[in-house]
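Chemist: give the three-dimensional model of this entry:
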Amino acid sequence: MSHFLISGITGLRNRGVDALVRSIVHELRARDPECRITVVSKTPDYDGLRLAALDVAVVRDPYAGPIGFLRYLLVRWLRVALLLAWSMRAYREALAGADTLLVSGGDVFSSDYGDFDRYVQHMRDARAAGLRVHLLAHSIGRFAEGDIARWRRLERLVDHGSVRERASLDYLQGEIRSGLAWRLVADVAFLLPPAGEPFGEWLEHRVIGTRPCIVMSVSQGVSRFAGADSHAHLDALAELVEALLEEDPDASVVLLPHVQELSVRNDDSLLVHALEARLRHTLRVSSLAGQYTANEYKALLGRADFVVAERMHAAIGALSQAVPTISLGYSIKFEGVMSECYAGSRWAEAGNVQLSRFVAEPAATTAEILDAFRSRAAMREVLARNVPDIISRARSAFDW
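Modeler: I've put the predicted structure just below:
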């Protein structure tokens, strides 16, 4: 019986991570119904409850949190044999029983979020335990100059690697001159099934309201990632919502907090609340905060007429269902995914608005987004043509 260990998981309170894990589990079990799956998570208690119905085991990431970071330093630099310690017993047993480490996480291997070495330690442990190591559908880079050498050392731990968009592939083969043979696939969350009925019917009657329905996925953390002022970010979002509602008097807006982590720096529901307090058209604005799964949020995104997303996996939840979507992005992942979904059209570039520019030039970027809103029927046609191939590529990662 195959046993897969999945790392790179920060926790399912981030619905993008939730989407990745559920998609991986669904696709592995479709090919090997008897396979065992264990997730290494920063939040094992929460994630264990969320994944119990899928028969997925969850163990604590021994390198997460302040104590985990100290443990990582001891293991990595002082060569202390803490893999024998009681505090790492469940993790050590999972390593001993597994065949393959699947490293997920989307874009954890970049310089956008600081030190990525904690995710590498799982790979070192897996290699020491004799596991195969696969990097599954990543965005790679971009790296600061000092991180390129670290990345090249990391590659020695990898048996196989796949990337989720051509931008990463070009970066690895060109600027980085990677020594690995990378396979181009697509983000595995393109395969996530949306929640079905009766949840969909409840959304139609209780959440969506009038048509057209615009869903906005806002990010509490994105201004920090992009180096933008948080107050100016809130101002720009409020201006955009008001402009969309004024553009179509029948439209309604649903604010979607796709990430609701315990840290206030990364809890989108706080930004949703602040934005609601700023808006004049409050009767036409609602929100959907709560312990909804990625499948349930995808059901909402699939029923939208237009989506603006600051969270990549909220964008993917809509794009995978051919819903016209504009992203407000800050990294290679947004550029790559949007350019492929809108390939052959003007939205290949215009579909992603740089977050820093959105904050600095709210009037100009709002006008561009309004133009996309008016053109949403044409955008949907482009997505209907391009997305099936991207979904096929995502599935090929598991066939491989």
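Chemist: CA atoms for contacts and neighbours, from now on please.
Modeler: Noted.
Chemist: now stretch 279-294: buried residues?
Modeler: For stretch 279-294, the neighbour count (16 or more other Cα atoms under 10 Å) marks 279, 284-289, 293-294 as buried.
Chemist: what about Leu255, distance to Met216?
Modeler: Distance of Leu255 to Met216, computed by Cα to Cα, to the nearest Å: 5 Å.
Chemist: neighbour count for those two, which is higher?
Modeler: Met216 (29 against 24; other Cα atoms under 10 Å).
Chemist: and what about the more buried one, helix, strand or coil?
Modeler: Here Met216 is recorded as strand under DSSP: H, G, I helix; E, B strand; the rest coil.
Chemist: contact partners for it?
Modeler: Counting by Cα atoms under 8 Å, 6 or more residues apart in numbering, Met216 makes contact with 253-256, 307-309.
Chemist: and those, which is closest to Leu203?
Modeler: Comparing the contacts of Met216 against Leu203 with Cα to Cα places Val254 closest, at 10.9 Å.
Chemist: which stretches in the protein count as strands?
Modeler: Counting by DSSP state E, the segments of the chain that form strands are 3-9, 36-41, 57-60, 100-103, 132-138, 160-163, 182-184, 213-217, 252-256, 285-287, 306-309, 325-329, 352-354.
Chemist: in JSON lines: these, plus distance to Leu28.
Modeler: Converted to JSON lines, those look like this (distance: least, Cα to Cα, whole Å):
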{"stretch": "strand 3-9", "distance to Leu28": "9"}
{"stretch": "strand 36-41", "distance to Leu28": "9"}
{"stretch": "strand 57-60", "distance to Leu28": "14"}
{"stretch": "strand 100-103", "distance to Leu28": "11"}
{"stretch": "strand 132-138", "distance to Leu28": "12"}
{"stretch": "strand 160-163", "distance to Leu28": "16"}
{"stretch": "strand 182-184", "distance to Leu28": "18"}
{"stretch": "strand 213-217", "distance to Leu28": "29"}
{"stretch": "strand 252-256", "distance to Leu28": "29"}
{"stretch": "strand 285-287", "distance to Leu28": "34"}
{"stretch": "strand 306-309", "distance to Leu28": "28"}
{"stretch": "strand 325-329", "distance to Leu28": "29"}
{"stretch": "strand 352-354", "distance to Leu28": "32"}
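Chemist: just for the stretch 151-300 of the chain, where's the confidence low?
Modeler: Scanning the stretch 151-300 of the chain with the threshold set as pLDDT under 70 gives 281.
Chemist: how about 80 then?
Modeler: Within the stretch 151-300 of the chain, the segments meeting pLDDT under 80 span 223, 225-227, 281-282.
Chemist: which residues does the nearest residue to Gly65 once chain neighbours are set aside contact?
Modeler: Nearest non-adjacent residue to Gly65, counting by Cα to Cα, 6 or more residues apart in numbering: Lys42, 7.8 Å away. Lys42 sits next to 9-11, 60-61, 64-65 when contact means Cα under 8 Å, 6+ apart.
Chemist: apply 10 Å and report the result again.
Modeler: 7-12, 58-65, 68 (Cα atoms under 10 Å, 6 or more residues apart in numbering).
Chemist: please apply the same query to Glu296.
Modeler: Glu296 touches 15, 193-196, 199-200, 203, 302, counting by Cα under 10 Å, 6+ apart.
Chemist: any of these buried? List them.
Modeler: Looks like the contacts of Glu296 have 15, 193-195, 200, 203, 302 buried, using 16+ other Cα under 10 Å.
Chemist: name the nearest residue to Gly317, ignoring sequence neighbours.
Modeler: Lys298 (5.2 Å).
Chemist: okay, buried residues for the helix ranked longest in the chain please.
Modeler: What stands out as the longest helix in the chain, according to DSSP state H, is helix 376-399. Within helix 376-399, the residues that count as buried by 16+ other Cα under 10 Å are 376, 379-380, 382-384, 386-388, 390-391, 393-395, 397.
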